[in-house]
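Engineer: need coordinates for the following:
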Amino acid sequence: MSVEWSRYPNFKRDEFTCRCGCGRNEMKPEFLERLQALRAAYGKPLHITSGYRCPQHPVEASKAAPGMHTTGLAADIGISGAEAVALLRLALDAGFRGVGVQQKGNGRFLHVDLRETPTIWSY
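Structural biologist: Residues are numbered from 1 along each chain as shown. The predicted structure is shown next:
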């Protein structure tokens, strides 16, 4: 299913394209709809640090099994501190079921996804 990017005015296709160099982008509209709603609720720009990842992306290839990014139903959002807490609350209210929290060192972010079983973890 092709994504009609004009339906998501706060995001650009390039933000979600695999960064391994393959150029693939297989984001799912149901995820982007939810992310656009999260952005509207948050009221501020969201910095996407990772969207779609192909199975050959180095992060995915190092795992025992490919993760949610390979399904087009996940993204990492660069954010920290009190803003991360506010976004986390909104993400849970918006129905994101997978939430990963990286809030130490450099590269702080929240991972959100639409997995079936609610799960939260820290990196």
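Engineer: what pairs with the closest residue to Gly98 other than its chain neighbours across the strands?
Structural biologist: Leaving aside its sequence neighbours, Gly98 sits nearest to Asp113 (C-beta to C-beta, 6 or more residues apart in numbering; 3.7 Å). Using the backbone N, CA and C atoms, a C-beta is placed for each residue, glycine as well. Per DSSP bridges, the residues bridged to Asp113 are Ala74, Gly98.
Engineer: tell me how far Asp113 lies from Gly81.
Structural biologist: Between Asp113 and Gly81 the computed distance is 22 Å (C-beta to C-beta, to the nearest Å).
Engineer: neighbour-wise, which of those two wins?
Structural biologist: Applying other C-beta atoms under 10 Å to Asp113 and Gly81 shows that Asp113 carries more neighbours, namely 22 against 9.
Engineer: pLDDT at that one, what is it?
Structural biologist: pLDDT recorded at Asp113 is 98.
Engineer: equivalent analysis for the one 5 residues further on, please.
Structural biologist: The predicted local distance difference test score for Pro118 is 96.
Engineer: next one: Ser2
Structural biologist: Per-residue pLDDT puts Ser2 at 82.
Engineer: same question for the one 4 residues further on.
Structural biologist: Reading off the per-residue confidence, Ser6 sits at a pLDDT of 95.
Engineer: what count of nearby residues applies to it?
Structural biologist: Neighbour count of Ser6, defined by other C-beta under 10 Å: 6.
Engineer: tell me how far the spatially most central residue of the chain lies from Leu32.
Structural biologist: In the chain, the centroid-proximal residue (C-alpha atoms, centre = their mean) is Ala75; its distance is 1.1 Å. Separation of Ala75 from Leu32 (C-beta to C-beta): 9 Å.
Engineer: so the residue of the chain most remote from its centre: helix, strand or coil?
Structural biologist: Farthest-out residue of the chain from its mean C-alpha position, per C-alpha atoms, centre = their mean: Ala64, at 20.3 Å. Of the three states, Ala64 takes coil according to DSSP: H, G, I helix; E, B strand; the rest coil.
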